[in-house]
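Peer 1: model the structure of this input:
(chains A and B, ligands or ions: 1)
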Amino acid sequence: MMMELTTRHFRQQSASACRDSNLRAVLDHATRYFMGKRGAALEAFAGRDEHFARARSARLNALSRLPDLLEELERNATAAGVKVHWAADAAEARAIITGIAKAANVRVIVKGKSMVTEEIELNPALEAAGADVWETDLGEFIVQLAGEPPSHIIAPAIHKSRAEVAELFAEKLNLHGQSIPELTLLAREALREKFLCADMGITGANMAVAETGSVILVENEGNIRMSTTCPPVHVALMSLEKVAATMQDAADILRVLPRSATGQKMSSYVSVLTGPRKEGETDGAREMHLVILDNGRSEVLADPVLREALACFRCGACLNSCPVYQTIGGHAYGSVYSGPIGTLLSSLLLPQDLTRDLPFGCTLCGACARTCPLGINHPKLMLALRQRVANGRANPVSSAHSLLARHPLAYRLAVGVARTLDPNLHLLPRLPGMPGLSEFVDSRRPPELKKPFAARRRKTKREQKQ
Amino acid sequence: MSATQSRAAILDTLRKGLAAAPFFADAPPARPASISVGPDAWELLAGVLGPLEVRLRLARTPAEAAVHVADIARERQAATYTRWDAALNALNLPGGFDAALSSLERLEPGCCQNLARADLGFVLAHAALLESGSLAVVAAPGQHRSASLLPPASVVLVPRNALLPDVSHLPALLNRHRLPAGALPACLNLITGPSSTADIELVLVRGVHGPGTLDVIGLDWDV
Ligand code: SF4
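Peer 2: Coordinates of the predicted model:
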């Protein structure tokens, strides 16, 4: 199925996703599942609103002091023995990480689930440098074997059925199983081997704490613990907005993040890593690196409205609540980040001409904003982005249309002309010398322009008389 | 750009951004009161561990704890085990911690490859959070991280004085474990139930990469 998915083709990709009834069934099940779990957990969460507000405050406080906190993080992480690197963009981050791998003579790399490593397209760079790279989160492992991108922040292989996974394991690994526990066990055994021989573990970072220099990793499977416990080198890649000022702020965030993501009171494993293993310890990485990635984020901080998107801690709840995501799924967005928050992040981080359509894939229903535990107001940001797109390249036809719509007489006149000459609006988009017209008409699907009601009534009466 | 140039450029852009559009975060509301750790603490812990398929066995004496250790080893059909060292020796189980496991082979900690064939791993919790059922374990010499990770069955012993309300105690907990020179421990794990995944068709499976089972022995005395 996989053509190259890109944000540029969001419209076409959404249209074809809408026609995929299998996908719809999977999405229906998955989004309901997550919303159900989450709803039940939040129902039973005493002091929920206060906890949400504290998590929001921790995130906004971090953004409001971001440069100072990043310097503090660097100081404290360095003091704890971590090598801290700064990457302005994806290419720099790739160069830093492949450099670490080469310097350590790395052959086998195990990776924990990390959206940011997807964002910078790290795996191909590591493979080109001669390393054998294994995604170890079960869902990521499945999509890696299938050669597909992840389709959901929390459940990357949500679009794959057990039969498809069984087929994939048989074809790519020559491992045979049918039931879901069997398939899970096969993956455990195949990846256990990799963990034990890996030379390097790469993870993202859910947070890094400025006050202590600690990296915090949250997961359910144990693959991130394996990736940071067994291989001698650990590299954590963190996008720069993920910093928390204090361990107390981090704790406030941990109170909310798992509940909002999967409805768990706490994820199965939370690792607080402060530097490489200490003397006398027998496991844990001997060498720890923290790569701080910008890749367009620092620019966003100057925008008083749009920077709110940087507060997101990727719980995924807004995806599940979004009627557009529920209909088209993650792939159609053509970016690592999907759903409401994905639309915002992609629009802010990728070149504008690639993401023009994204903010229009939104009904402005506000379900996301009501769901977000951090109170991010996605629709407001969506409108700001639409405005930015319009300012960048206003469509003259849109402007003309809005002018007409404000003048009823002129509007009726224009519709009258169109009705006479081109009632189905087939010719209009093809008129030469009218840029933007076809785009305007195509995206609207106007109904056939019928004769006015009074005229049709007169006609019917005439016919009845005859 | 060189690494130092990138660092300077990033910080500069951030500072300019904040100067152009100053950012003030509202002060947060007070944190809601924590649940109190009272005489019903073990019950609360058992209640929150239950849905995670974790059984809590309470021991009132070291001798009872030793019986639980032996029972679990039998139930899990373990032939080999790995365990933390001094921290578990200090529990003074009758005849020493290993006495309850005399028919099993104890694997010495080392690299992960050494421990890959351990059936059972024993560690001590430095905290157990009543709100979430999370067990905090702090790595140190003689307290290897893989003991609660590699074996398919994991056992965590929780002393009574390790019971805490919730994760808001994390900073204090880390501070308590600072090394003599003031450094934080390199690794603290919160373990909440067995390893789990729902990545295939959202069907929950326990034990994908970490332990598939978790047993907790409550030690009803202060350690
Ligand atoms: S924006 Fe979406 S993913 Fe981010 S915190 Fe809010 S609900 Fe979660």
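Peer 1: rest of the way, CA atoms for contacts and neighbours
Peer 2: Fine.
Peer 1: any idea how far A:Gly112 is from the nearest residue to A:Leu122 once chain neighbours are set aside?
Peer 2: Nearest non-adjacent residue to A:Leu122, counting by Cα to Cα, 6 or more residues apart in numbering or on different chains: A:Arg94, 5.9 Å away. To A:Gly112, A:Arg94 is 16 Å away according to Cα to Cα, to the nearest Å.
Peer 1: who's more crowded, the two?
Peer 2: More crowded of A:Arg94 and A:Gly112, by other Cα atoms under 10 Å in any protein chain shown: A:Gly112, with 29 against 20.
Peer 1: for B:Glu53, give me phi and psi.
Peer 2: Main-chain torsions, B:Glu53, degrees, to the nearest 10: phi 60, psi 40.
Peer 1: setting aside sequence neighbours, what's the nearest residue to it?
Peer 2: Leaving aside its chain neighbours, B:Glu53 sits nearest to B:Gly193 (7.2 Å; criterion: Cα to Cα, 6+ apart).
Peer 1: what sits against that neighbour?
Peer 2: A:268, B:49, B:52-54, B:133-134, B:213-214 (Cα atoms under 8 Å, 6 or more residues apart in numbering or on different chains).
Peer 1: what about residue 162, how many residues nearby?
Peer 2: Since you didn't name a chain, this refers to chain A. 17.
Peer 1: think we crossed wires, I meant chain B
Peer 2: 21.
Peer 1: sorry, back to before: checking the residue nearest to B:Glu53 next. Helix, strand or coil?
Peer 2: Under the three-state scheme (DSSP: H, G, I helix; E, B strand; the rest coil), B:Gly193 adopts coil.
Peer 1: any idea how far it lies from A:Pro258?
Peer 2: Taking Cα to Cα, one finds B:Gly193 at 14 Å from A:Pro258.
Peer 1: ok, longest helix in the chain?
Peer 2: Just so you know, I chose chain A. helix A:21-43 (DSSP state H).
Peer 1: wrong one, chain B
Peer 2: helix B:3-20.
Peer 1: from the rest of the structure, what touches that one?
Peer 2: A:64, A:66-67, A:85-88, A:294, A:298-303.
Peer 1: how distant is that helix from the center of its chain?
Peer 2: In terms of Cα atoms, centre = their mean, to the nearest Å, the centre of helix B:3-20 is set 39 Å apart from its chain centre.
Peer 1: and residue 221, how many neighbours?
Peer 2: With no chain named, the answer covers chain A. Neighbours of A:Glu221 using other Cα under 10 Å come to 29.
Peer 1: ah, I was thinking of chain B
Peer 2: Applying other Cα under 10 Å, I find that B:Trp221 has 13 neighbouring residues.
Peer 1: could you measure from it over to the ligand?
Peer 2: According to Cα to the nearest ligand atom, to the nearest Å, B:Trp221 stands 41 Å off from the ligand.
Peer 1: backbone dihedrals for that residue, please?
Peer 2: Dihedral angles (degrees, to the nearest 10) for B:Trp221: phi -150, psi 160.
Peer 1: could you find the closest non-adjacent residue to it?
Peer 2: B:Arg160 (5.4 Å).
Peer 1: show me which pair in the contacts of helix B:3-20 is furthest apart.
Peer 2: Within the contacts of helix B:3-20, two members stand farthest from each other by Cα to Cα: A:His85 and A:Asp303, at 26.0 Å.
Peer 1: ok so, going back, could you say what helices and strands the helix or strand following the longest helix of chain B packs with?
Peer 2: As assigned by DSSP states H and E, the chain's next helix or strand after helix B:3-20 is helix B:41-49. Packing partners of helix B:41-49 (3 or more Cα pairs under 8 Å, 6 or more residues apart in numbering or on different chains; DSSP states H and E): strand B:55-59.
Peer 1: for stretch A:123-139, buried residues please.
Peer 2: A:123, A:125-126, A:130-139 (16 or more other Cα atoms under 10 Å in any protein chain shown).
Peer 1: then stretch A:304-315?
Peer 2: Applying 16+ other Cα under 10 Å to stretch A:304-315 flags A:306-315 as buried.
Peer 1: now secondary structure, distance to A:Val233 and pLDDT too, for those residues, in CSV please.
Peer 2: Below are those laid out as CSV (DSSP: H, G, I helix; E, B strand; the rest coil; distance: Cα to Cα, whole Å; pLDDT from 0 to 100):
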residue, secondary structure, distance to A:Val233, pLDDT
A:Leu306, helix, 37, 96
A:Arg307, helix, 34, 97
A:Glu308, helix, 34, 97
A:Ala309, helix, 32, 98
A:Leu310, helix, 29, 98
A:Ala311, helix, 30, 98
A:Cys312, coil, 29, 98
A:Phe313, coil, 26, 97
A:Arg314, coil, 26, 95
A:Cys315, coil, 28, 95
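Peer 1: intersect those with the contacts of the ligand.
Peer 2: A:312-315 (Cα under 6 Å from any ligand atom).
Peer 1: what's the neighbour count on A:Met35?
Peer 2: By other Cα under 10 Å, neighbour count at A:Met35 equals 21.
Peer 1: okay, it: pLDDT?
Peer 2: Model confidence at A:Met35, given as pLDDT, is 95.
Peer 1: how close does it get to A:Lys113?
Peer 2: 22 Å.
Peer 1: wondering if stretch A:59-79 reaches the ligand at all.
Peer 2: No: on the criterion Cα under 6 Å from any ligand atom, stretch A:59-79 is out of touch with the ligand, staying 9.9 Å away.
Peer 1: which residue is it, in chain A, that comes closest to chain B?
Peer 2: A:Ala302 (3.7 Å; Cα to the nearest Cα).
Peer 1: my read: that residue touches B:Ala21, true?
Peer 2: Yes: A:Ala302 lies in contact with B:Ala21 (Cα atoms under 8 Å); the separation is 5.7 Å.
Peer 1: where are the low-confidence patches of chain A?
Peer 2: Scanning chain A for pLDDT under 70 picks out A:1-3, A:392-396, A:398, A:429-448.
Peer 1: what's the domain layout of it?
Peer 2: Structural domains assigned to chain A are A:7-298, A:314-390, A:396-465, following automatic domain parsing.
Peer 1: the second one near chain B at all?
Peer 2: Same thing as domain A:314-390. No: on the criterion Cα under 8 Å from any Cα of the partner chain, domain A:314-390 is out of touch with chain B, staying 12.1 Å away.
Peer 1: can you pull out the strands in chain B?
Peer 2: Remark: strands assigned in chain B by DSSP state E are B:55-59, B:80-83, B:105-106, B:120-124, B:127-129, B:134-138, B:153-159, B:163-164, B:187-191, B:196-197, B:205-206, B:213-219.
Peer 1: contacts for the third one, please.
Peer 2: Pointing back at strand B:105-106 there. Contacts of strand B:105-106 (Cα under 8 Å, 6+ apart): B:79-83.
Peer 1: cool, the first one as well?
Peer 2: Residues from elsewhere that reach strand B:55-59, judged by Cα under 8 Å, 6+ apart: B:45-46, B:49, B:65, B:68, B:214-220.
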